[in-house]
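# this is a predicted model, with the sequence first.
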Amino acid sequence: MQSKSGKTDGILFVLVLFLTAFGLVVLYSMSAYNGQVRFGDSAYYFKKQFFAVALGLVVMCQIAALDYHVLLRFSVPAYMLSLVLSGAVLLFGDAYNGSRRWLSIGPLSFQPAEYAKPAVILLLAGIVGRMDYRKSGRMIGAVLLLVLPVIGLVGTNNLSTAVIILGIAVLMIFLSNPRYLPFLWIVLAGSGFLGIFLSLESYRLERLAIWRNPELYEKGYQTMQGLYAIGSGGLFGRGLGNSLQKLGFVPEAQNDMIFAVICEEMGLIGALLLMLLFLLLIWRFMVIATHAPDLSGTLIAAGILGHIALQVILNIAVVTNTIPNTGITLPFISYGGTSVLFLLSEMGLALSVSRHCSYPGKR
């Protein structure tokens, strides 16, 4: 009989620290040119990201020290706040590069869509975790309806993040339910809804055309330059700091396309090692989910797993032009203070669950 040690998962903690440190190093390499040209400070993006990481690590440790059951009590108010903030973006949000995704409160600016991800994870873990699985089949639709409002609000200006939130919700409900047939209807309905949604705006259909032939469109420039960066990296890359594509050729190299420049500087080997790190992180979430003491703990770990896995897969797929460009950042690596802050908050949730797990080899 194994007993709870009350200690956080050391392997997950080390992986998170390594990824954040690696992300800061890579970010400085990728953003130094843009920072110098635009702001006269090569460390401009690095300093802002460093502050967000430092704050995020503090928040992560504070959340990890709490009992996640206590946090679940605030899941409904946290979700309601996400609805308010997502709605406020539509009314008062700041627009950058044609997208209204940021909300300013005094000197601070953040993306409420990033907050919506952990809010949905907590909400579903709290609600689904208390369900009787024998009746849960009839509750699938009702539970999904709960998250549709925030998906709709976020999807108005940020379709990719809305898809991730929907994916998180479907994965969490799927894992809690012994039946498979209802999810076939969900997939079919979701596919039909996505097709209708894409056809409502001409620019979304244009993205499909650009994806098929990026060389024929002016807006395919970023995709083509990203592919050039990947191809020129070869097996071992040009070396850290020696990218040519980040010198204004790949627009905003520190954001969505950062993986392309990683391939250029570190080559195929570096890209594979980074993907291995993400696989190890996902594996650790699987271990925590498997050994969580209750369904709510399992769903929290599974929801975070789904978030990281979906975002990594979508980002790499966009950079390699496997799917149309959707504006997805690479977790822990891409520039974005709001993103890394709430990612680290989610890591705190996973570490909190791990404190209640019992499994061999726990550190």
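Good, I have the coordinates. The structure displayed is predicted, hence computed values, not measured ones.

# please name the nearest non-neighbouring residue to the most centrally placed residue in the chain.
Centroid-nearest residue in the chain, with C-alpha atoms, centre = their mean: residue 311, separated by 4.6 Å. Leaving aside its chain neighbours, residue 311 sits nearest to residue 331 (5.3 Å; criterion: C-beta to C-beta, 6 or more residues apart in numbering). The way it works is simple: take the backbone N, C-alpha and C, and place the C-beta from them, glycine included.

# in this structure that neighbour contacts residue 305, no?
No: at 11.9 Å, residue 331 and residue 305 do not qualify as touching, with contact defined as C-beta atoms under 8 Å.

# so what's the residue nearest to the centre of the chain up against?
For residue 311, the contacting residues are 164, 328, 329, 330, 331, by C-beta atoms under 8 Å, 6 or more residues apart in numbering.

# what helices or strands is the helix ranked longest in the chain leaning on?
As assigned by DSSP state H, the longest helix anywhere in the chain is helix 258-291. The helices and strands touching helix 258-291, judged by 3 or more C-beta pairs under 8 Å, 6 or more residues apart in numbering; DSSP states H and E, are helix 10-39, helix 221-233, helix 295-319, helix 337-354.

# residues in contact with whatever helix or strand comes next after the first one: which ones?
The first helix or strand that comes after helix 10-39 along the chain, using DSSP states H and E, is helix 44-64. If you take C-beta under 8 Å, 6+ apart as the criterion, helix 44-64 is touched by 8, 16, 20, 23-24, 27-28, 31-32, 34-35, 38, 41, 71, 254, 335-338, 340-345, 347-349, 351-352, 355.

# would you mark the buried spots in helix 44-64?
44-46, 48-50, 52-53, 56-57, 59-60, 63-64 (16 or more other C-beta atoms under 10 Å).

# run through the stretch 101-250 of the chain and note the low-pLDDT ranges.
Counting by pLDDT under 70, the ranges of the stretch 101-250 of the chain that qualify are 106, 132-139, 178-183, 185-186, 189-205.

# format the helices and strands packed on helix 258-291 as CSV; extra columns: distance to residue 152.
Shown next, in CSV, are those (distance: least, C-beta to C-beta, whole Å):
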stretch, distance to residue 152
helix 10-39, 31
helix 221-233, 28
helix 295-319, 19
helix 337-354, 20
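
# would you tell me which one of those helices is buried the most?
Greatest average neighbour count among these goes to helix 337-354 (a mean of 25), per mean count of other C-beta atoms under 10 Å.

# and the angle from that helix to helix 295-319?
Angle of helix 337-354 versus helix 295-319, following axes from the mean of the first three to the mean of the last three C-alpha atoms, to 10 degrees, is 140 degrees.

# next, the angle from helix 337-354 to helix 10-39.
On the basis of the same axes, to 10 degrees, helix 337-354 is oriented at 180 degrees to helix 10-39.

# state the mean pLDDT of helix 337-354.
If you average the pLDDT over helix 337-354, you get 94.

# repeat that for stretch 264-279.
Mean pLDDT, computed over stretch 264-279, is 95.

# for that stretch, C-alpha coordinates in CSV please.
Extracted as CSV, the C-alpha positions of stretch 264-279 are listed here (Å, rounded to 0.1, in the frame of the first residue of the first chain):
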residue,chain,number,x,y,z
GLU,A,264,17.5,27.4,-38.5
GLU,A,265,19.8,28.0,-35.5
MET,A,266,19.8,24.5,-34.0
GLY,A,267,18.9,22.4,-36.9
LEU,A,268,16.8,19.2,-37.1
ILE,A,269,18.6,17.8,-34.0
GLY,A,270,17.7,20.9,-31.9
ALA,A,271,14.1,20.8,-33.0
LEU,A,272,13.8,17.1,-32.2
LEU,A,273,15.3,17.6,-28.7
LEU,A,274,12.8,20.4,-28.1
MET,A,275,9.9,18.2,-29.2
LEU,A,276,11.3,15.5,-26.9
LEU,A,277,11.1,17.9,-24.0
PHE,A,278,7.4,18.5,-24.7
LEU,A,279,6.8,14.8,-25.0
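
# list of residues touching that stretch?
15, 18-19, 22, 29, 229-230, 232-246, 259, 262-263, 308, 312, 316, 331, 333.

# flag every buried residue along that stretch.
Residues of stretch 264-279 classed as buried by neighbour count (16+ other C-beta under 10 Å): 264, 265, 266, 267, 270, 271, 274, 277, 278.

# ok, the residue nearest to residue 311 - contacts?
Residue 331 neighbours (C-beta under 8 Å, 6+ apart): 19, 278, 308, 311, 312, 315, 339, 343.

# list just the nearest of these to residue 218.
Checking the contacts of residue 331 against residue 218 by C-beta to C-beta gives residue 315 as the nearest, at 22.9 Å.

# wait, the closest one sits on residue 330?
Yes: with contact defined as C-beta under 8 Å, residue 315 counts as touching residue 330 (4.5 Å).

# now residue 63, nearest residue through space, not along the chain?
Spatially, and ignoring its direct neighbours in sequence, residue 63 is nearest to residue 348 (3.0 Å; C-beta to C-beta, 6+ apart).

# can you pull out the helices in the stretch 101-250 of the chain?
112-128, 140-155, 159-176, 181-200, 202-212, 221-233 (DSSP state H, counting those that start in this stretch).

# this completes my enquiry, with thanks.
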